[in-house]
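# take this sequence and fold it.
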Amino acid sequence: MTPAPSNGTRPLSREDGRTLALSAIGGALEYYDFIIFVFFATVIGKLFFPPDMPEWLVLVQTFGIFAAGYLVRPLGGIVIAHFGDRVGRKRVFALSVFLMSISTLGMALMPTYATLGILAPILLVVFRMIQGAAIGGEVPGAWTFVSEHVPAGRVGLACGFLCSGFTLGIMLGSLISAGINWVFTPDQITAYAWRIPFLLGGVFGLLGVYLRRWLSETPVFTAMKDSGLLHASLPLKTALRHHLHGMVVAGLLTWVLSAAIVVTTLMTPTFLQRQYGYAPLEALLATSFGTLFLIFSAMSFGALVDRFGSARVFIAGGVAFGLSTFAFYTWAGVSTPVLFGLYALMGITTGVVGALPYVMVRAFPAPVRFSGLSFAYNIAYAVTGGLTPVAVTSLLAYSPMAHAYYLLFIAALLVAVGVYLALNGRRVEGEIGLRPSPAL
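So this is what the prediction gives:
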């Protein structure tokens, strides 16, 4: 059984709290900026492509631009992580927010096809790719940054807190989009109001860049620099050569994380409307209600993994997640109160994703942590995040319970990882503090 950490269990200090708050705020803003595109995809498609283009082709190309952000995530993550392992966590941590803010602000201000012609969709692709590069460095960078700041016995809580921040950004994007559609008419949204969410994201993102100036470099990186343990060669090369087990485990946990969030949060509103006939507003409110419980649950699961260790939490959390998701997709159509109650329960158990980074950051030693984690996370997310909607949609042709069956598989995968860690945890999980890589 993977033991819970016994050292470094002092309470979080005021400095720790400030570090977590500033990190989570920046992460929430980045996720808001990254996800807001999808809520206005239809309007953007009409404005940035030729007016005589068939509607289906406009939609395909618009979502293709959205997908471009996912495809560039691995490359952006690898590059940013490389410099994070070489020159410092803090510098690239601020860089990721800056890149996201500038690209989102660019989307808010750029002219449409009527003014720029073919340059309009090209610029849109460029800005979306910059967003993808930024988010590819933000998530593993944030986990690495906070895990090296807080006491060793609070790593799970810190990473869970960040997961809550990321989820808050998604919910914020959904709520602001709903507000824009409520306040403005369709003609007003097409004329100018679609720019407001992007403008807000860009401005507040720049504020996040300013706030991150007050963060200090992690003690672990400072110790590496003072001890001469920084890599002279490519940190990723060492991570791939000496920490393959960590790569595989981090990749599998990323699959669990991406599938849980994509299916329960992004795909379920459409399911509720088509399968059970709920109105769009009911489905959106139910999703926001469940997401609210997920935000608080992710922090709780992070605290639990600090106390009980990864194996126990993954096994118990995986079983609970499987049961609650199956119950949700089976009985969500009974009534609106039942829908909201089941969504709250599913949100609570989906919070197990907040415990996953605890293992992912401990799977790599400090000199290659950022690079190893970023590579495993972004490659896995690009593949599984893209294939999950395709897999679930394809399964719907055979069963209306496709969402439930897919998530049962994901729950079983999490339990299997938990069992593996119970038997081989010491082979994967190391200490957060300074320890040299085998190549040094």
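# residues contacting stretch 397-415, please?
252-253, 255-256, 259-260, 263-264, 267-268, 271, 275, 314-315, 317-319, 321-322, 325-326, 328-330, 352, 388, 391-396 (Cβ atoms under 8 Å, 6 or more residues apart in numbering). From N, CA and C alone the C-beta is placed, and that goes for glycine too.
# let's see that with 7 Å instead.
252, 255-256, 259-260, 263, 267-268, 271, 275, 314-315, 317-319, 321-322, 325-326, 329-330, 391-392, 395-396 (Cβ atoms under 7 Å, 6 or more residues apart in numbering).
# so how do I select the buried members of the residues you listed in ChimeraX?
Selection of buried members from those for ChimeraX, criterion 16 or more other Cβ atoms under 10 Å:
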select :252,255,256,259,260,263,267,268,271,275,314,315,317,318,319,321,322,325,326,329,391,392,395
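# how far away is Leu236 from Ile410?
28 Å (Cβ to Cβ, to the nearest Å).
# actually Met346, not the one I wrote
Distance from Met346 to Ile410, by Cβ to Cβ: 13 Å.
# who has more neighbours out of the two?
Met346 (28 against 23; other Cβ atoms under 10 Å).
# buried set for the one helix or strand the more buried one maps to?
Of the helices and strands defined by DSSP states H and E, Met346 is found in helix 336-350. Across helix 336-350, burial judged by 16+ other Cβ under 10 Å covers 339-350.
# gap between it and the chain center?
Helix 336-350 sits 21 Å away from the centroid of its parent chain (Cα atoms, centre = their mean, to the nearest Å).
# what packs against it?
helix 280-308, helix 310-331 (3 or more Cβ pairs under 7 Å, 6 or more residues apart in numbering; DSSP states H and E).
# contacts for the last one next, please.
Taking Cβ under 7 Å, 6+ apart as the criterion, the residues outside helix 310-331 that touch it are 1-2, 301, 304-305, 338, 342-343, 345-346, 349-350, 352, 355, 358-359, 401, 403-404, 407-408, 411-412, 414-415, 417-419, 421-422, 425, 429.
# what is the least confident helix or strand in this protein?
Lowest by mean pLDDT, DSSP states H and E among the helices and strands of the chain is helix 55-71, with a mean of 68.
# pLDDT on the very next helix or strand once past that helix, on average?
Next along the chain after helix 55-71, taking DSSP H and E as the criterion, comes helix 73-86. Averaging pLDDT along helix 73-86 gives 83.
# before we move on, what about stretch 254-261?
Here the average pLDDT along stretch 254-261 is 94.
# tell me where the model's unsure across this protein.
1-10, 55-56, 58-63, 66-67, 228-233, 425-440 (pLDDT under 70).
# quick one: furthest residue from the center of it?
Asp52 (36.7 Å; Cα atoms, centre = their mean).
# gap between that residue and Pro11?
64 Å.
# before we move on, the earlier item: any chance of the helices and strands packed on helix 336-350 in JSON lines, plus distance to Val38?
Formatted as JSON lines, those follow (distance: least, Cβ to Cβ, whole Å):
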{"stretch": "helix 280-308", "distance to Val38": "14"}
{"stretch": "helix 310-331", "distance to Val38": "23"}
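# the residue nearest to Met110 when sequence neighbours are not counted sits in which helix or strand?
Nearest residue to Met110, sequence neighbours excluded (Cβ to Cβ, 6 or more residues apart in numbering): Leu123, at 5.6 Å. Assigned by DSSP H and E, Leu123 falls within helix 119-147.
# what comes up buried for that helix?
Going by neighbour count (16+ other Cβ under 10 Å), the buried part of helix 119-147 is 120-121, 123-125, 127-147.
# report all helices and strands that it contacts.
Short answer (3+ Cβ pairs under 7 Å, 6+ apart): helix 119-147 packs on helix 14-39, helix 41-48, helix 55-71, helix 73-86, helix 89-109, helix 155-183, helix 356-362, helix 369-395.
# ranking the ones you listed by burial, who's on top?
Mean neighbours per residue, mean count of other Cβ atoms under 10 Å, is largest over the helices and strands packed on helix 119-147 for helix 356-362, with a mean of 29.
# my read: Gly132 touches Tyr70, true?
Yes - Gly132 is within contact range of Tyr70, at 6.3 Å (criterion: Cβ atoms under 7 Å).
# that older thread, list phi and psi for the residue farthest from the centre of the chain.
phi -90, psi 0 (degrees, to the nearest 10).
# contacting residues for it?
Asp52 neighbours (Cβ under 7 Å, 6+ apart): none.
# begin at 132, not 1, for the rest of this chat.
Noted, 132 is the first residue going forward, which turns the last one into Asp183.
# now it: how far from Ile320?
22 Å.
# who's in contact with Arg204?
263, 266-267, 509, 512-513.
# just Trp345 next, same as before
Leu153.
# look up how far Arg149 lies from it.
On the measure of Cβ to Cβ, Trp345 and Arg149 end up 8 Å apart.
# now swap in Gly304 and tell me
25 Å.
# format the contacts of Arg204 as a markdown table; extra columns: distance to His374.
Listed next are the contacts of Arg204 as a markdown table, based on distance: Cβ to Cβ, whole Å:
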| residue | distance to His374 |
| --- | --- |
| Gly263 | 25 |
| Ile266 | 24 |
| Gly267 | 19 |
| Asn509 | 16 |
| Tyr512 | 19 |
| Ala513 | 20 |
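# between the residues you listed, which is closest to Leu206?
Using Cβ to Cβ, Gly267 is the member of those that lies nearest Leu206, at 7.3 Å.
# how much space separates the residue lying closest to that closest one once chain neighbours are set aside from Ala172?
Nearest residue to Gly267, sequence neighbours excluded (Cβ to Cβ, 6+ apart): Gly208, at 3.2 Å. For Gly208, the distance to Ala172 equals 24 Å [Cβ to Cβ].
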